[in-house]
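Chemist: 3D model of this:
(chains A, B, C and D)
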There are 2 protein chains.
Amino acid sequence: MLRQNDPREISPHGEGLVKGVAVDPVIFGFHEGRLKVLIIEHTNTGLYALPGGYIQEKEDLDEAAKRILTMRTGLSAVYLEQFHVFGKYDRNDAGVVRQILIGQGFSPAEEHWSLQRFISVGYYALVDYTRIELTPDPTTGRCEWFEFDQIPPLILDHRLIIDKALATLRINLDQLLIGFNLLPELFTMGDLHTLYETILDKKLLSTNFQRKMLSLGILERIEKKKTGKAHKAPYLYRFKSTT
Amino acid sequence: MLRQNDPREISPHGEGLVKGVAVDPVIFGFHEGRLKVLIIEHTNTGLYALPGGYIQEKEDLDEAAKRILTMRTGLSAVYLEQFHVFGKYDRNDAGVVRQILIGQGFSPAEEHWSLQRFISVGYYALVDYTRIELTPDPTTGRCEWFEFDQIPPLILDHRLIIDKALATLRINLDQLLIGFNLLPELFTMGDLHTLYETILDKKLLSTNFQRKMLSLGILERIEKKKTGKAHKAPYLYRFKSTT
DNA sequence: AGAATAGTGTCTCTAAGACATTATCGC
DNA sequence: GCGATAATGTCTTAGAGACACTATTCT
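Modeler: The predicted structure follows:
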């Protein structure tokens, strides 16, 4: 099986790949009170993009997204959900894609399929920042975390994809209770509080926030954590898995 | 410009069309307290399906969905929203598609692109049943309203697409206040009440429902409607357009 | 003791649920 | 008046917001 970031995948003929459709995952992380997004810098180009990939002929769309994500992050069990398809007919930019291919050592023909029209399926993923090992890939480019408000200009409509991903995350955060996927297994109420405030970009009174979270009955209180700091030690919580 | 349901569109070469991607709109209507869906019967096959179509090379995905919808319903301004992409690699069934093409008088080659893998973008539309003129199309097949709980078995994964569409509609009904798109311009509180009960499939106390709707400030009360029935005449309401 | 953060208790206000009451129409 | 449905009023309850108060840890 070819790896997604194997240069042969994007070779002149693109055997074994579905043409005209790409998968672009927006991978969210959370660390020290900051929302992060995983961005790739394409080798020798200075061009930043989402760590996207293509679909293999005998692979479900969801599996393709999962494979690409695992390759980038090294994690297999993460929260991953499709949220939107981007299908403007002129959203691809042959000049930019050509630049990327050249940066990888290819000289794509005029008619190369990756220069043609593309539809992109957007996924968003929530990962535990502390368990991530970024997989370096000298051919495609380095993957790096960026703080959400420090993301550099991106190619094509990738910025639009990220914004739509965050909008979807905001809507689903309360409904689907998916925020826990951004935290380590054990976390404090303060961690969770900061996470919610960061994603929703608004203040939440900690007292009411705690009451609401506890009333959901999905948190398991562990023991006090000795932080070594000069204040009361917080409890640790674990997210109760599906009962 | 070729019409979507022009047989040439699905001709051996499919010039001018994006290959490997289809658009399948789930068109909802509401009449006499029943939720309806528009289903096509492919000519000479007895096969039922969503009234889907293909995307033209120079056409945005959203425009393609709009074009297909307008073609089927005769309406141009309707609520239309993308909700999910269906991308299982084996979701297409060459045997079924071949049957459909044969029913239209074609003998597709083994390698015909429409027999290959397909990704389908699901849209759902809310239309005013009273303003619909179904566009008959002898080549593709007749389009007809079915009550939601009387939909016949459909080809491929179209039943799954419909179920996901309804699930999305249920979630968005309260949030996005889109139910009005299923009603005529003027309607009674009872109409709206029945609509909500039907879509959400649960009883709502009419008194509380009315209070909630009125408190939203999006309804304009017109005058009493004389129904000729032996009871108090209800008010008519109009949905306040964006102020 | 005092600073700093964690966690609890409680008052208020709003919105939802349940149900009683009044209004209007045609017979 | 009577049956039927529309519309309003109001009591109760659940949850959100605001804020005062207590608890724990280290210096």
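
Chemist: now do the longest helix anywhere in chain A: everything it contacts.
Modeler: In chain A, taking DSSP state H as the definition, the longest helix is helix A:158-176. For helix A:158-176, contacts defined as CB atoms under 8 Å, 6 or more residues apart in numbering or on different chains pick out A:24, A:26, A:28, A:37, A:49-50, A:81, A:83-84, A:86, A:120, A:122, A:124, A:126, A:148, A:151, A:153-154, A:178-179, A:196, A:199-200. (Each C-beta comes from the backbone N, C-alpha and C, glycine too.)

Chemist: ditto for stretch A:135-145
Modeler: A:5-7, A:29, A:31, A:36-43, A:45, A:51, A:71-74, A:104, A:129, A:134.

Chemist: mind redoing it with 6 Å?
Modeler: Stretch A:135-145 has contacts (CB atoms under 6 Å, 6 or more residues apart in numbering or on different chains) with A:5, A:7, A:36, A:38, A:40-43, A:51, A:72, A:74, A:104, A:134.

Chemist: also stretch A:210-221?
Modeler: A:189, A:235, A:237-238, A:240.

Chemist: in JSON lines: those residues, plus secondary structure, pLDDT and neighbour count.
Modeler: What follows is these, written out as JSON lines (DSSP: H, G, I helix; E, B strand; the rest coil; pLDDT from 0 to 100; neighbours: other CB atoms under 10 Å in any protein chain shown):
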{"residue": "A:Met189", "secondary structure": "helix", "pLDDT": "93", "neighbour count": "18"}
{"residue": "A:Tyr235", "secondary structure": "strand", "pLDDT": "91", "neighbour count": "15"}
{"residue": "A:Tyr237", "secondary structure": "strand", "pLDDT": "93", "neighbour count": "22"}
{"residue": "A:Arg238", "secondary structure": "strand", "pLDDT": "92", "neighbour count": "15"}
{"residue": "A:Lys240", "secondary structure": "coil", "pLDDT": "84", "neighbour count": "12"}
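
Chemist: for A:Thr194, what are its contacts?
Modeler: A:Gly33.

Chemist: confirm it sits in a helix?
Modeler: Yes. Assessed with DSSP: H, G, I helix; E, B strand; the rest coil, A:Thr194 lies in a helix.

Chemist: give me the pLDDT for it.
Modeler: We have a pLDDT of 95 for A:Thr194.

Chemist: please, where are all the helices along chain A?
Modeler: According to DSSP H, the helices that chain A contains are A:61-73, A:94-103, A:158-176, A:189-200, A:206-215.

Chemist: most packed of those?
Modeler: helix A:61-73 (a mean of 21; mean count of other CB atoms under 10 Å in any protein chain shown).

Chemist: give me every residue in chain A lying close to DNA strand C.
Modeler: Within chain A, the positions lying close to DNA strand C (CB under 7 Å from any atom of the strand) are A:188-190, A:206-207, A:210-211, A:214, A:224, A:229-235.

Chemist: report the buried members of the contacts of helix A:158-176.
Modeler: A:24, A:26, A:28, A:37, A:49-50, A:81, A:83-84, A:86, A:120, A:122, A:124, A:126, A:148, A:154, A:179, A:196, A:199 (16 or more other CB atoms under 10 Å in any protein chain shown).

Chemist: same for DNA strand D: which of the residues you listed are within range?
Modeler: Okay, of the buried ones among the contacts of helix A:158-176, nothing touches DNA strand D (CB under 7 Å from any atom of the strand).

Chemist: which parts of chain A sit against DNA strand D?
Modeler: A:204-205, A:207-208, A:211-212, A:215, A:224, A:226, A:228-233.

Chemist: rerun that using 6 Å as the cut-off
Modeler: Contact residues (CB under 6 Å from any atom of the strand) of chain A with DNA strand D: A:205, A:207-208, A:212, A:224, A:226, A:228-233.

Chemist: lowest-confidence one in the residues you listed?
Modeler: A:Lys226 (66).
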